[in-house]
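**Q** the amino acid sequence is not available; the structure is as follows:
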């Protein structure tokens with residue numbers, strides 16, 4: 001009986017320490033994982049920047065909070081750069097009027113901003 005109790009206690013502490021180790025990912029690993037997900041979504045590596053800042057400064061930072069690390073004391077901030085084409089020149093996609101293919105309701109087409 002004592003042997004089973006001792007093994008149970010040992011298993012509990014081993015699983016608790018493993019869970020703590022798994023949760024405490026390094027900030028570099030978290031940042032690299034987030035960067036890979038962004039790249040997999042079609043954003044070029046030169047099209048964004050990820051930075052680590054302390055949690056207290058996260059609300060004032062420019063960009064979007066996309067993750068945290070060091071048990072919540074650091075935040076990963078995402079900033080997307082201007083669109084860059086293959087020639088390296090910036091494009092201003094936001095200023096272009098989107099084209100909607102709706103032949104039944106042409107009056108609902110977006111109008112250019114003047």
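**A** Nice, thanks for sending it over. These numbers were taken from a predicted model, which means no experiment stands behind them.

**Q** quick check: the residue nearest to residue 65 when sequence neighbours are not counted vs residue 37, distance?
**A** Leaving aside its sequence neighbours, residue 65 sits nearest to residue 75 (Cβ to Cβ, 6 or more residues apart in numbering; 5.1 Å). (C-beta placed from N, C-alpha, C; glycine too.) Distance of residue 75 to residue 37, computed by Cβ to Cβ, to the nearest Å: 16 Å.

**Q** kindly report the same for residue 50.
**A** Distance, residue 50 to residue 37, using Cβ to Cβ: 11 Å.

**Q** the more surrounded of residue 75 and residue 37?
**A** When neighbours are counted by other Cβ atoms under 10 Å, residue 75 and residue 37 differ, and residue 75 comes out ahead with 23 against 12.

**Q** look at that one and give its secondary structure.
**A** What DSSP: H, G, I helix; E, B strand; the rest coil gives for residue 75 is strand.

**Q** contacting residues around residue 58?
**A** Residues near residue 58 by Cβ atoms under 8 Å, 6 or more residues apart in numbering: 65, 75, 77.
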